[in-house]
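let me see the structure of the following:
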Amino acid sequence: MAQVLEFKLPDLGEGLTEAEIVRWLVEVGDVVAVDQPVVEVETAKAMVEVPCPYGGVVTARFGEEGTELPVGAPLLTVAVGAPTPATEDGGDTAADEGSGNVLVGYGTGAPPARRRRVRPPTGAAPVRRTTGPSEGGNRNGTPVPAGRGPAPAAHPHAEGPVPVISPLVRRLARENGLDLRELAGSGPDGLILRADVEDVLRAGSGRARTPLPASASPAAASEGILHTPPSARGAALPVAPVPAGAPSSAQGLRTPLRGVRGAVADKLSRSRREIPDATCWVDADATELMQARAAMNAAGGPKISLLALLARICTAALARFPELNSTVDMDAREVVRFDQVHLGFAAQTERGLVVPVVRDAHTRDAEGLSAEFARLTEAARTGSLTPADLTGGTFTLNNYGVFGVDGSTPIINHPEAAMLGVGRIVPKPWVHQGELAVRQVVQLSLTFDHRVCDGGTAGGFLRYVADCVEQPAVLLRTL
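Okay, the predicted model is just below:
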């Protein structure tokens with residue numbers, strides 16, 4: 001007899017506590033090998049393929065695509081080879097083959113021992129326990145006779161895999177608020193069948209699905225409201241009249257804040273709460289910078305992106321004003337200044353705003369920065385960024401000019417201390433060498449944490465950036 005092991009959503013690292021199922025890579029009945037990816041999930045930071053540490057036959061999947069699961073929730077169950085004699089005697093057993101996977105929270109260790117199931121004597125009267133009122137079951141906890149073949153006694157909230165094979169049974173129970181751990185199955189070895197779930201639902205259907213008359217007693221009304229199933233909620237209950245002019249909670253489209261959108265909301269809210277930010281800005285003539293870039297690309301070799309040139313200017317400015325390459329540790333009441341520049345850049349994708357990080361940007365030249373920006377941008381577009389690609393930044397470059405806007409006061413990417421914003425580069429009238437001319441003008445803005453420096457430092461940084469944009473030869477001093 002196969003041993004059924006439950007694989008739970010592992011800790012994916014970086015402090016992540018939940019993930020959303022994007023795509024299942026296996027079906028029920030498929031044979032999987034150890035460390036084979038079985039599901040693609042989206043965390044608050046990246047898309048991740050999760051490998052299974054067990055090899056065998058997939059017997060159940062938990063959650064449809066689009067479902068958000070917390071770390072530690074069951075993902076699927078796998079039937080691995082025949083159990084050892086020790087398992088039949090109720091002893092512990094370990095799988096012969098462990099996973100070499102290195103995801104946090106599982107891998108390399110042996111799978112958990114199989115929970116022993118106790119077979120009742122032949123002819124024992126089967127009893128099913130219904131769930132408590134918070135789970136949609138019989139309110140007083142009265143056992144419901146099954147009227148079927150022998151089945152083991154239920155073990156409320158027992159540890160280990162739930163004896164269910166069919167995903168249809170799981171979905172039926174989930175949609176009606178039943179906890180399968182509270183049910184005793186009538187199938188072989190206590191297997192919970194669809195008929196078992198339907199029996200429990202029928203037993204409570206008189207109170208759960210029958211609309212109540214207006215003269216019903218408060219106790220009956222309470223009974224009916226508590227046990228209305230999800231499919232019937234909102235259909236049988238009367239709706240109170242809404243006063244004229246009052247906003248209706250039923251109006252509008254509600255979208256859950258989860259995944260990338262939820263992570264962005266949490267980080268920006270925290271930044272606004274904790275960081276006393278200020279913004280300064282300046283217009284700069286970017287004509288010579290654009291001409292320098294055109295000359296570089298005309299010389300052959302890999303193309304140099306404008307973002308790479310701006311990043312190179314940023315790293316040179318941070319070398320002069322290192323106070324802005326820092327963070328504030330309020331627990332220790334210290335400003336932590338970083339030696340390395342890990343440069344984040346804002347990228348808008350179909351999944352939302354992400355900020356990939358170029359590691360050690362201060363050590364890269366324009367060609368190296370262009371190549372790394374291209375790699376991370378493509379990974380962001382395809383959703384293949386890893387958590388490591390999205391964490392550890394010390395300063396952010398935000399090129400919002402790609403959206404056709406001139407200026408912005410961006411929110412600092414917590415826990416960093418500053419962000420440089422770059423608007424669109426457009427032809428504008430500009431006084432050049434004492435005469436009015438049409439030049440390529442850009443607006444630059446710096447939002448900074450006022451705890452790490454005063455306005456003089458921030459202004460000096462932004463002025464140096466503007467000087468390099470207007471006269472790229474200024475960079476030759478530091479190359």
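
so the closest residue to Trp24 other than its chain neighbours, which state does it fall into?
Of all residues beyond its chain neighbours, the one nearest Trp24 is Val39 (5.4 Å), with distances taken as C-beta to C-beta, 6 or more residues apart in numbering. Glycine gets a C-beta too; all of them are placed from N, C-alpha and C. For Val39, the assignment made with DSSP: H, G, I helix; E, B strand; the rest coil gives strand.

next, count neighbours for Val39.
Number of residues near Val39 (other C-beta atoms under 10 Å) recorded here: 25.

in this protein, which spans are helices?
85-88, 167-175, 194-203, 205-208, 218-226, 259-274, 287-298, 306-320, 366-382, 455-470 (DSSP state H).

to Glu27, which of those helices lies closest?
helix 167-175 (9.7 Å; C-beta to C-beta).

quick revisit: for the residue nearest to Trp24, which residues are in contact?
Ile21, Arg23, Trp24, Leu25, Val26, Glu49, Val50, Leu75, Leu76 (C-beta atoms under 8 Å, 6 or more residues apart in numbering).

out of the helices of the chain, which gets nearest to Glu6?
helix 167-175 (12.5 Å).

coming back round to it: and the contacts of Val39, which of them are in strands?
In this view, the contacts of Val39 that belong to strands under DSSP state E are Ile21, Arg23, Trp24, Glu49, Val50, Leu75, Leu76.

any idea of the mean pLDDT in stretch 73-88?
Per-residue pLDDT values over stretch 73-88 give a mean of 69.

most packed of the helices of the chain?
helix 306-320 (a mean of 22; mean count of other C-beta atoms under 10 Å).

tilt between that helix and helix 455-470?
140 degrees (axes from the mean of the first three to the mean of the last three C-alpha atoms, to 10 degrees).

same question for helix 306-320, mean pLDDT?
95.

packing partners of it?
Packing contacts for helix 306-320, counted by 3 or more C-beta pairs under 8 Å, 6 or more residues apart in numbering; DSSP states H and E, involve helix 287-298, strand 343-345, helix 366-382, strand 395-398, strand 418-422, helix 455-470.

where does the protein have its least confident helix or strand?
In the chain, no helix or strand scores lower on mean pLDDT, DSSP states H and E than helix 218-226, which sits at a mean of 38.

which regions of the stretch 351-479 of the chain sit below the pLDDT cut-off?
477-479 (pLDDT under 70).

for beta bridges, what are the partners of Pro37?
Taking DSSP bridges as the rule, Pro37 bridges to Pro51.

identify the residues contacting it.
Counted by C-beta under 8 Å, 6+ apart, Pro37 has contacts Leu25, Glu49, Val50, Pro51, Cys52.

so what's the first one up against?
Leu25 is in contact with Pro37, Val38, Val39, Glu40, Glu49, counting by C-beta under 8 Å, 6+ apart.

which residue, other than its chain neighbours, is closest to the last one?
To tie it back to what came earlier, the one meant is Glu49. Pro37 is the one closest to Glu49 (C-beta to C-beta, 6+ apart), at 4.0 Å.

show the pLDDT at the one you found.
So Pro37 comes in at 90 (pLDDT).

that one and Tyr54, how far apart?
Pro37 sits 13 Å away from Tyr54, going by C-beta to C-beta, to the nearest Å.

give me the common contacts of the two.
Between them, Pro37 and Tyr54 share no contacting residue, judged by C-beta under 8 Å, 6+ apart.

helices or strands up against the longest strand seen in the chain?
The residue-count maximum for a strand in the chain (DSSP E) belongs to strand 435-449. Here strand 435-449 touches strand 277-285, helix 287-298, strand 418-422, strand 426-432, helix 455-470, going by 3+ C-beta pairs under 8 Å, 6+ apart.

what strands line up against that strand, and which way round?
strand 277-285 (antiparallel), strand 418-422 (antiparallel), strand 426-432 (antiparallel).

tell me the most buried of those?
Counting by mean count of other C-beta under 10 Å, the most buried of the strands paired with strand 435-449 turns out to be strand 418-422, with a mean of 26.

just the C-alpha atoms of that strand, please, in PDB.
Below are the C-alpha coordinates for strand 418-422, written out as PDB (Å, rounded to 0.1, in the frame of the first residue of the first chain):
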ATOM      1  CA  ALA A 418      17.000  58.600  -1.400                       C
ATOM      2  CA  MET A 419      15.700  58.200  -4.900                       C
ATOM      3  CA  LEU A 420      16.700  60.100  -8.100                       C
ATOM      4  CA  GLY A 421      13.800  60.800 -10.500                       C
ATOM      5  CA  VAL A 422      14.300  61.500 -14.200                       C
END
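
mind listing residues that contact that strand?
281, 310, 314, 324-325, 395-401, 407-413, 442-449, 452, 458, 461-462, 465.

write the PyMOL selection for whichever of these are buried.
Buried members of the contacts of strand 418-422, defined by 16 or more other C-beta atoms under 10 Å, are picked up in PyMOL with:
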select buried, resi 281+310+314+324+325+395+396+397+398+399+400+401+407+408+410+411+412+413+442+443+444+445+446+447+448+449+452+458+461+462+465
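
pretty sure Asp365 is touching Arg312, no?
Yes. Between Asp365 and Arg312 there is a contact under C-beta atoms under 8 Å: 7.4 Å.

endpoints of stretch 395-406, how far apart?
This stretch, stretch 395-406, spans 21 Å end to end (C-alpha to C-alpha, to the nearest Å).

and the contacts of that stretch?
307, 310-311, 314, 318, 324-325, 341-346, 348, 355, 408, 410, 412-413, 416-426, 442-443.

got any ranges where the stretch 101-250 of the chain has weak pLDDT?
Using pLDDT under 70, the stretch 101-250 of the chain drops low at 101-162, 164-168, 171, 204-250.

burial count for Ile21?
Ile21, neighbours per other C-beta under 10 Å, totals 21.

ok so, going back, Serialize the contacts of Leu25 to a markdown table and add fields for distance to Glu288.
What follows is those, written out as a markdown table (distance: C-beta to C-beta, whole Å):
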| residue | distance to Glu288 |
| --- | --- |
| Pro37 | 50 |
| Val38 | 55 |
| Val39 | 52 |
| Glu40 | 47 |
| Glu49 | 46 |
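
nearest spatial neighbour of Gln340, skipping sequence neighbours?
Closest to Gln340 by C-beta to C-beta, 6+ apart is Asp360, at 5.6 Å.

cool, Val355 as well?
Gly344 (4.3 Å).

what score does that neighbour have for pLDDT?
So Gly344 comes in at 95 (pLDDT).

how deep is it tucked in, by neighbour count?
24.

give the bridge partners for it, please.
Val357, Thr396.

hmm, it is touching Asn413, no?
Yes. With contacts counted by C-beta under 8 Å, Gly344 reaches Asn413, the gap being 6.1 Å.

intersection of neighbour lists for the two?
Val355, Gly393, Thr396.

show me what contacts the closest residue to Leu318 other than its chain neighbours?
Leaving aside its chain neighbours, Leu318 sits nearest to Asn325 (4.6 Å; criterion: C-beta to C-beta, 6+ apart). Contacts were defined as C-beta under 8 Å, 6+ apart; by that measure Asn325 touches Leu318, Arg337, Phe338, Val341, Thr394, Phe395, Ala417, Ala418.

many thanks, have a good one.
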